[in-house]
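Chemist: The sequence and its predicted three-dimensional model are supplied below.
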Amino acid sequence: MGAVALLLPLLLPLLLPRTARGAAVCGSCPGPPRNGSIVSRFCESRGDTENDGRCCRERGAPPGRLLGLDLSNCSLHSVPPELAEATAAIVLDLTENPLTSLPNGSFLGFTHLQLLAVPAALECPGGSDAWQDVTVDGSIRQCRGQKNPCNGSAELAWPCPENSACAPDGPGLVQCLCDSPFHGYKCLREGTFPVLLFSGILGTATVSLSLLLWGTQRRKAKTP
């Protein structure tokens with residue numbers, strides 16, 4: 001039981017339903033999406049959505065796909081770590097917050113994001129070149145139409161290695177994906193990834209570690 005107790009905190013996030021795991025960002029600020037916000041207008045225009053806290057999701061078998069996230073007027077001084085749960089968002093509102101910066105990587109994986117509103121004092125993530133259109137209206141800066149940086153004429157600062165291709169990974173961000181059948185470090189290995197061998201090694205290591213922890217905890221429990 002000792003080993004199980006030690007491993008349970010690590011396994012629990014994987015065992016929880018997706019609804020429980022994905023609810024943190026939707027409940028990070030009280031209330032539903034604010035009336036008149038870009039998130040509310042976008043979701044109301046679709047007609048197939050429902051609110052989940054500050055999130056707007058596709059209506060259907062729960063949890064529906066996250067379409068919009070309204071974190072406006074949430075007293076945010078920095079980008080919350082829970083934002084990483086919202087990579088599927090198409091519309092995101094961060095206005096009316098005392099944000100001082102948008103660190104590089106804050107929108108890693110946000111490949112679907114097409115409309116982002118931030119305080120006017122901040123630049124759009126990835127810079128203006130990462131968006132089709134950037135406008136400022138009073139205290140709000142809107143970043144519209146995320147560009148695919150792999151389609152640009154400018155050379156990448158870190159070109160993808162041989163046997164790989166560039167793929168978007170968020171505003172102004174790219175990733176290098178190995179071409180089939182290459183894999184591994186810098187896509188230098190050719191052939192099918194050894195799934196069975198990898199799974200066998202991982203399974204053996206997990207079982208061995210569990211037995212070791214169980215034996216250690218059992219001896220401690222027997223010690224007066």
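Modeler: Received, thanks. Numbering: from 1, shown residues only.
Chemist: And the chain, what are its domain boundaries?
Modeler: Using automatic domain parsing, the domains assigned to the chain come out as 19-147, 194-222.
Chemist: any idea where the helices of the chain begin and end?
Modeler: Remark: helices assigned in the chain by DSSP state H are 2-15, 18-21, 23-26, 38-46, 195-222.
Chemist: hmm, back to that, Throw the domains of the chain into CSV and include distance to Cys178, thanks.
Modeler: Backbone N, C-alpha and C define where each C-beta goes, glycine included. Converted to CSV, these look like this (distance: least, C-beta to C-beta, whole Å):
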stretch, distance to Cys178
domain 19-147, 18
domain 194-222, 15
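Chemist: Quick one: closest of those to Pro171.
Modeler: domain 19-147 (3.6 Å; C-beta to C-beta).
Chemist: Of the domains of the chain, which is nearest Gly172?
Modeler: Nearest of the domains of the chain to Gly172, taken as C-beta to C-beta: domain 19-147 at 2.3 Å.
Chemist: re earlier: averaging pLDDT over each of the helices of the chain, which comes out lowest?
Modeler: Mean pLDDT is lowest for helix 18-21 out of the helices of the chain, coming in at a mean of 38.
Chemist: before we move on, the earlier item: out of the domains of the chain, which one sits most buried?
Modeler: Stretch with highest mean neighbour count among the domains of the chain: domain 19-147 (a mean of 17; mean count of other C-beta atoms under 10 Å).
Chemist: What is the distance between it and the centre of its chain?
Modeler: Its chain's C-alpha centre and that of domain 19-147 lie 12 Å apart, by C-alpha atoms, centre = their mean, to the nearest Å.
Chemist: what residue ranges in the protein are flagged as low confidence?
Modeler: Across the chain, the ranges flagged by pLDDT under 70 are 1-23, 152-158, 191-198, 217-224.
Chemist: let's go with 50 and repeat that
Modeler: 1-22, 155-156 (pLDDT under 50).
Chemist: Tell me which stretches of it form strands.
Modeler: Along the chain, counting by DSSP state E, strands occupy 49-52, 55-58, 66-70, 91-93, 115-119, 131-137, 140-146, 164-168, 174-178, 182-183, 189-190.
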